[in-house]
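Student: Quick one: sequence plus predicted model below, questions after.
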Amino acid sequence: MSKVNNLGFVLSPYSQKKILRALGNYQQKTDSTAKPRGKPTRYNIATNDYDNLVSGEHGSLILKVRRGKIVTEKHYCAECHTYTSPIRAYADSNYGKVHLCTPCHLATFNRSFGHADAMPLKLDHAHAHKGKW
C-alpha cells in the first residue's frame, strides 16, 4: 500500500517539527492578542447583577458549605447555565458564591460531601428510632 492511498496520511514538504513550531507560534500570537478574561458571569435581568458560572478553570464545582438558601428569583445555574427558579444559593465554593438548580445541587453535594443530603443520618434506620417504639 502506498502512502498516497492511505486515508488520514498527509504528505507535506515540511518536517513535523517545523509544522508544530509554526502552530505553537500562532497559538502564542493569538493568546497574546486575546482579551484577558475575568470570572465567567452572565447578566441577570431579574436581580440587575451578574451570576457566577463554572468555567472549569478551577476544576469541577466543589461546595465548601452545606447550608444553602432557596431563592425565588430566577438565576443562572452555575453548573448547567439554565435560567430557572426556584434555585439554591450557596455562599462559598471554589468558584465563590454560586446558584444551583435541583439536579446540579444533588450532583454537586454528592461530589463535595459524598452524599446528596445536607444532614445525613449517621445511624441506620433501626437505631434512629431507638426508644420511640
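Tutor: That came in fine, so what should we check first? Numbering: from 1, shown residues only.

Student: residues in contact with the closest residue to residue 90 other than its chain neighbours?
Tutor: Spatial nearest neighbour of residue 90, excluding adjacent residues (CB to CB, 6 or more residues apart in numbering): residue 68 at 4.6 Å. Using the backbone N, CA and C atoms, a C-beta is placed for each residue, glycine as well. Listed by CB atoms under 8 Å, 6 or more residues apart in numbering, the contact set of residue 68 reads 88-90, 100, 105, 118.

Student: Dump those residues to CSV, plus neighbour count.
Tutor: Formatted as CSV, those follow (neighbours: other CB atoms under 10 Å):
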residue, neighbour count
88, 19
89, 16
90, 24
100, 25
105, 21
118, 12
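
Student: Okay, helices next: where are they in this structure?
Tutor: 16-33, 102-113, 125-128 (DSSP state H).

Student: Give me whichever of the ones you listed is most buried.
Tutor: helix 102-113 (a mean of 16; mean count of other CB atoms under 10 Å).
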